[in-house]
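> I'll drop the sequence and a predicted model, then ask my questions.
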Amino acid sequence: MVKAVVLGASGGIGQACPLVDELALYDVVNTPGVTADLSHISSVAKITGYLPKDDGLKHALTGADVVVIPAGIPRKPGMTRDDLFKINAGIVRDLVKGIAEFSPKAFTLVISNPVNSTVPIAAEVLKAAGVFDPKRLFGVTTLDVVRAETFTQEFSGLQDPSKATVPVIGGHSGETIVPLFSKVAPGFKIPADRYDALINRVQFGGDEVVKAKDGAGSATLSMAFAGFRFTEAIIKAAKGEKGIVEPTFVYLPGVEGGAEIAKATGVDFFSTPVELGPNGAEKAINILDGITEQEKKLLAACVTGLKGNIEKGVEFVKNPPPK
């Protein structure tokens, strides 16, 4: 039996997963409607929905195996992920307090932006509660990978772009996103005159969607696909399937192989390919050796940005802003 929980279920990020036996939905508004809608899908999952009243968060989280957090406000035109920080940081902090109390052993998958800061916030909350397990906390950066696969399809020549392995490391916003095109498999070349534009498109693909929606929202459908893909990988690995590797934003010192990457980059939180297993993040894989000079420059810019993002998240929990 697998119980999955979506915290922030009314935002339109999510889809049915055949590996889930029980799906609990939680949000501050509209959860009954989303629950009714999803319950019409012919899936094996039993669907329940909760609002804050009547200990809704407690009932949603109790017995959870996987908790996915897409909660928060969406990005609007002209907004950076950093602009979202003040609102979404508080939302994530309070939800993770609930996880610490009611489902501390669950795999926690953070989608809420800015991921570079919200994952450190989640870690600090779990540490304060004495239940932090770095192997079970993940920042979902899969959308960056999905975009990289899609945007390079004309060069990979693959009918199914997801069959290409395009490692994307670093963080989950702007210049902290570093596609390593030198490490793609099967191998293919990016023309020199297309390289910079392609990097920019992967890094700022979210802006493309925000602009195209003209104020009506941010990336939800593509994020739903990416969130589903990563959640499915976590569940399959938890059930014992071998050889599952996905890039994800983790606390490096707490994952095997992570200390080496932390030493090389100078940051404790970083997205890198991670081998998943029954206990979560089994091993962080260092793919930094042999990257190109162009990629080294991208990595340097990434680390500079990441350090500030991480510090901001930690500081938010240790010295909360006045209400």
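The structure has been received and is ready for your questions.
> drop to CA atoms for contacts and neighbour counts, all remaining ones
OK.
> For the spatially most central residue of the chain, give me its contacts.
Nearest to the geometric centre of the chain sits residue 140, at 1.2 Å (CA atoms, centre = their mean). Neighbouring residues of residue 140 by CA atoms under 8 Å, 6 or more residues apart in numbering: 109, 110, 111, 115, 227, 230, 248, 249.
> Could you check the pLDDT of it?
For residue 140, the model assigns a pLDDT of 98.
> who's in contact with residue 203?
Residues counted as contacts of residue 203 (CA under 8 Å, 6+ apart) are 144, 173, 174, 175, 176, 177, 178.
> any idea how far it lies from residue 9?
Here the criterion is CA to CA, to the nearest Å. By it, residue 203 lies 26 Å from residue 9.
> For the protein, give me the ranges with low pLDDT.
The chain contains residues with pLDDT under 70 at 14-16, 75, 81-82.
> so which helix or strand takes in the most far-flung residue of it relative to its centre?
For the chain, the largest distance from the centre (CA atoms, centre = their mean) belongs to residue 193, which lies 30.9 Å off. Per DSSP states H and E, residue 193 falls inside helix 192-203.
> can you map out the strands along the protein?
3-7, 22-26, 46-50, 66-69, 107-110, 137-139, 168-170, 177-179, 244-251, 269-277, 280-284 (DSSP state E).
> Export those strands to JSON lines and append columns for mean neighbour count.
As requested, the strands of the chain are exported to JSON lines (neighbours: other CA atoms under 10 Å):
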{"stretch": "strand 3-7", "mean neighbour count": "25"}
{"stretch": "strand 22-26", "mean neighbour count": "24"}
{"stretch": "strand 46-50", "mean neighbour count": "20"}
{"stretch": "strand 66-69", "mean neighbour count": "25"}
{"stretch": "strand 107-110", "mean neighbour count": "26"}
{"stretch": "strand 137-139", "mean neighbour count": "28"}
{"stretch": "strand 168-170", "mean neighbour count": "28"}
{"stretch": "strand 177-179", "mean neighbour count": "27"}
{"stretch": "strand 244-251", "mean neighbour count": "25"}
{"stretch": "strand 269-277", "mean neighbour count": "25"}
{"stretch": "strand 280-284", "mean neighbour count": "23"}
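> Tell me which of the ones you listed approaches residue 298 most closely.
Residue 298 lies closest to strand 177-179 among these, at 6.3 Å (CA to CA).
> Pull up the pairing partners for that closest one, direction included.
strand 168-170 (antiparallel) (DSSP bridges).
> got the contact list for the partner strand?
Residues contacting strand 168-170 (CA under 8 Å, 6+ apart): 144-145, 148, 176-180, 247, 249, 270-273, 299, 302-303, 306.
> same question, stretch 171-190
Defining contact as CA under 8 Å, 6+ apart, one finds that stretch 171-190 is touched by 81, 114-116, 141, 144-145, 148, 155-156, 164-170, 199, 202-204, 249, 270-271, 291-292, 295, 298-299, 301-303, 305-306.
> Just the buried ones from those residues, in ChimeraX syntax?
In ChimeraX, a selection of the buried entries from the contacts of stretch 171-190 looks like this (16 or more other CA atoms under 10 Å):
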select :81,114,115,116,141,144,145,148,156,164,165,166,167,168,169,170,199,202,203,204,249,270,271,295,298,299,301,302,303,305,306
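> other SSEs contacting the top helix by length along the chain?
Identified as the longest helix of the chain according to DSSP state H is helix 293-318. When contacts are defined as 3 or more CA pairs under 8 Å, 6 or more residues apart in numbering; DSSP states H and E, helix 293-318 sits against helix 85-102, helix 115-128, strand 168-170, strand 177-179.
> would you list the ones you listed in TSV and tack on distance to residue 265?
Converted to TSV, the helices and strands packed on helix 293-318 look like this (distance: least, CA to CA, whole Å):
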stretch	distance to residue 265
helix 85-102	24
helix 115-128	15
strand 168-170	9
strand 177-179	13
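> quick one, which of the ones you listed is nearest to residue 21?
Nearest of those to residue 21, taken as CA to CA: helix 85-102 at 19.1 Å.
> so how far is the closest one from its chain's centroid?
Mean C-alpha position of helix 85-102 versus that of the full chain (CA atoms, centre = their mean, to the nearest Å) differs by 15 Å.
> Offset the numbering so it begins at 309, please.
Let's use 309 as the start, then, which means that last one is helix 393-410.
> Helix 601-626 and that one, what's the angle between them?
With axes from the mean of the first three to the mean of the last three CA atoms, to 10 degrees defining the directions, helix 393-410 sits at 70 degrees from helix 601-626.
> can you list the residues that contact helix 393-410?
Helix 393-410 has contacts (CA under 8 Å, 6+ apart) with 315, 365-366, 369-371, 377, 379-381, 414, 420-422, 425-426, 429-430, 433-434, 437, 439, 621, 624-625.
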